[in-house]
Structures are given as structure tokens and as C-alpha cells.
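Student: Quick one, what's the 3D model for this:
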Amino acid sequence: MCTCIYTYCVTHEEVGLAELKEIDEHAYPIADCGLTAVARMVPGEDFSEKNLPENVQNVVWLEAKVREHHTIVNALTGLVTLLPFKFATVFYSEENVKAMLRQYALPMEECLRQLIGKQEWGLKVWGNYDEITGYVDASDNDMKALKEELVNSSPGKAFLLKKKKEDLLKSTVHSFFNEHVQECIHGLIPYSYKNTMQGGITVGGGEIGLKAAFLVARDETEPFLHEIEKKRGTLNAAMINLECTGPWPPYNFADIYQP
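Tutor: All right, here's what the predicted structure looks like:
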């Protein structure tokens with residue numbers, strides 16, 4: 001069975017073999033064009049182009065390998081500034097790795113320069129859909145006016161007004177949530193170097209939510225987290241929750257190489 005070269009990340013800093021062995025005994029550096037890929041040899045039965053699609057269907061195997069990947073990349077983040085690669089980024093020779101480094105040298109160097117001294121923080125804004133709907137139904141002026149009109153309406157008109165109220169309530173809930181989310185994110189922008197939304201607002205499983213990621217300079221971390229605490233209080237009063245996680249490797253700000 002052939003072997004593959006599993007690549008965790010790329011850095012522009014010197015990284016010694018002894019340092020890598022403390023994180024992963026099988027890891028080693030592959031260097032070219034002033035960049036270094038941190039890699040290890042893995043069996044083709046796990047990660048070859050033929051076998052990987054079948055292996056990822058095995059939940060136990062997948063969870064273990066993904067956990068291992070993130071553990072090693074997280075440890076490397078404490079060692080060097082890096083561009084983390086996605087799970088299962090593999091090559092079939094060291095020359096292929098070096099060719100990748102040569103091809104993407106300029107954008108990788110620029111991205112690494114921007115990442116120096118910065119960390120990624122994740123943000124999740126979410127709430128129970130029914131609870132937020134109840135809050136909006138009770139507090140929104142347009143909803144109050146419709147309910148008053150319903151009380152004094154004939155049966156035929158009341159039927160139409162109920163349908164109008166249902167549609168308006170759904171639209172108002174989304175607008176209410178979006179306004180609070182945008183206000184929260186706008187208030188955090190001054191404390192971050194970059195930010196990105198991970199998709200739009202989603203509704204499912206009884207929740208409405210949105211996820212975002214922020215690239216924050218280490219010396220801005222304390223004011224960034226302090227601002228989050230202030231935002232959390234405001235959002236909680238509107239039945240909306242705010243969760244912040246990190247620091248993480250900058251996965252959302254280092255998407256240079258796409259295998």
C-alpha cells in the first residue's frame with residue numbers, strides 16, 4: 001500500500017525537527033521558497049484518493065482523525081504563525097508539497113504577514129425561535145396594532161388578519177434578530193483586524209442563529225472580550241444568546257490553497 005504525505009500547515013518561520021517531535025513524533029518539515037510545510041507520512045489505506053471517501057463514512061474513524069488534526073494544528077499555533085490546512089490535505093510525494101509551496105509562495109507569504117500576532121475567535125449568536133417569537137409578538141408595535149384590530153374585526157376579516165399577522169410575525173422575527181446581530185458585529189469590528197460571516201442566518205432545530213469569525217490581534221484580545229460581555233447583556237435582554245470560543249488557528253482567514 002502506498003503512503004501519503006499529510007500536511008497540517010505552512011509557516012514562514014523556522015521550525016526545528018526537535019520542536020515538531022514534541023508535538024507529534026511523526027511530524028517533520030518540508031521547506032521550499034522560504035516556506036515550511038509541517039507534514040507526516042500516513043498510510044494510503046487511510047488517506048488515498050481511492051480510500052478516503054469510504055473512510056469518512058466511518059464516524060468513529062472520522063472523529064478520531066479530525067480530533068487528531070485539530071489537536072496538532074492547535075499545538076503548532078502556539079509555536080509559529082501558520083496557515084492551517086483543512087483536514088485530510090494530502091500529497092503523494094515531497095516534490096508535490098514543494099511544488100505547492102512554490103506555486104502559492106507569494107499569497108501565502110502575504111497572508112502569513114497579516115496573521116502575525118493575531119488569533120481567530122469564533123462567535124455564535126442564537127436563540128430559541130419560539131421564545132424570540134413570543135418576545136417580538138408581545139413587544140412589537142405593529143404586532144400590537146394588528147392584535148387590537150383583530151379584536152374588533154368580523155369573522156371574515158379576522159381570518160385574513162390572522163394570516164397577515166402570521167406572515168408579519170415571521171418577517172419581524174427575522175428582522176429583529178438580524179438587527180441585533182448586525183449591531184453586535186458592528187460593535188466588535190473596531191477590535192478586530194478582519195471578520196467573516198459563516199453563512200447567513202439559519203433556522204432549524206427550534207433555533208435561529210448565525211456564526212461569525214474574527215481575527216484579533218493578541219493585544220486587542222482583552223478589549224474584544226470585554227466588548228463581547230457588554231453585547232451579551234444587551235442580547236440576553238432580547239432573548240438572544242451570545243457565545244464566544246477561541247483562540248483558534250486562523251482557519252477562516254487562511255484559505256489560500258484549495259486541493
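Student: hey, let's count contacts and neighbours off CA atoms from now on
Tutor: Fine.
Student: quick one: average confidence on whichever strand or helix holds residue 233?
Tutor: Element membership of residue 233 [criterion: DSSP states H and E] is helix 221-237. Mean pLDDT, computed over helix 221-237, is 93.
Student: What residues of it count as buried?
Tutor: 221, 224, 228, 231, 232, 234, 235 (16 or more other C-alpha atoms under 10 Å).
Student: What of stretch 194-212?
Tutor: 194, 195, 201, 208, 209, 210, 211, 212.
Student: what are the ranges of the strands in the stretch 151-259 of the chain?
Tutor: Ranges of strands within the stretch 151-259 of the chain are 194-197, 202-204, 207-217, 241-248, based on DSSP state E, counting those that start in this stretch.
Student: Given the third one, what are its sheet partners and their directions?
Tutor: For strand 207-217, the pairing partners within the sheet under DSSP bridges are strand 118-128 (antiparallel), strand 194-197 (antiparallel), strand 202-204 (antiparallel).
Student: possible to save the ones you listed as CSV with distance to residue 74?
Tutor: Output for those, formatted as CSV (distance: least, C-alpha to C-alpha, whole Å):
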stretch, distance to residue 74
strand 118-128, 11
strand 194-197, 20
strand 202-204, 28
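Student: With distance to residue 217 and mean pLDDT added, can I get these in JSON lines?
Tutor: Converted to JSON lines, those look like this (distance: least, C-alpha to C-alpha, whole Å; pLDDT from 0 to 100):
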{"stretch": "strand 118-128", "distance to residue 217": "4", "mean pLDDT": "94"}
{"stretch": "strand 194-197", "distance to residue 217": "10", "mean pLDDT": "92"}
{"stretch": "strand 202-204", "distance to residue 217": "29", "mean pLDDT": "88"}
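Student: Figure out which of those strands is closest to residue 181.
Tutor: strand 118-128 (7.0 Å; C-alpha to C-alpha).
Student: Would you tell me what the next helix or strand after that closest one is?
Tutor: helix 129-139.
Student: Other residues contacting that following helix?
Tutor: 143-144, 169-170, 172-173, 176, 203, 206-208, 238-240 (C-alpha atoms under 8 Å, 6 or more residues apart in numbering).
Student: And stretch 123-143, what's buried?
Tutor: 123, 124, 125, 126, 127, 128, 129, 132, 133, 136, 137, 143.
Student: surely the fourth one meets residue 206?
Tutor: If I follow you right, that is residue 126. No - in this structure residue 126 lies outside contact range of residue 206 using C-alpha atoms under 8 Å: 10.5 Å.
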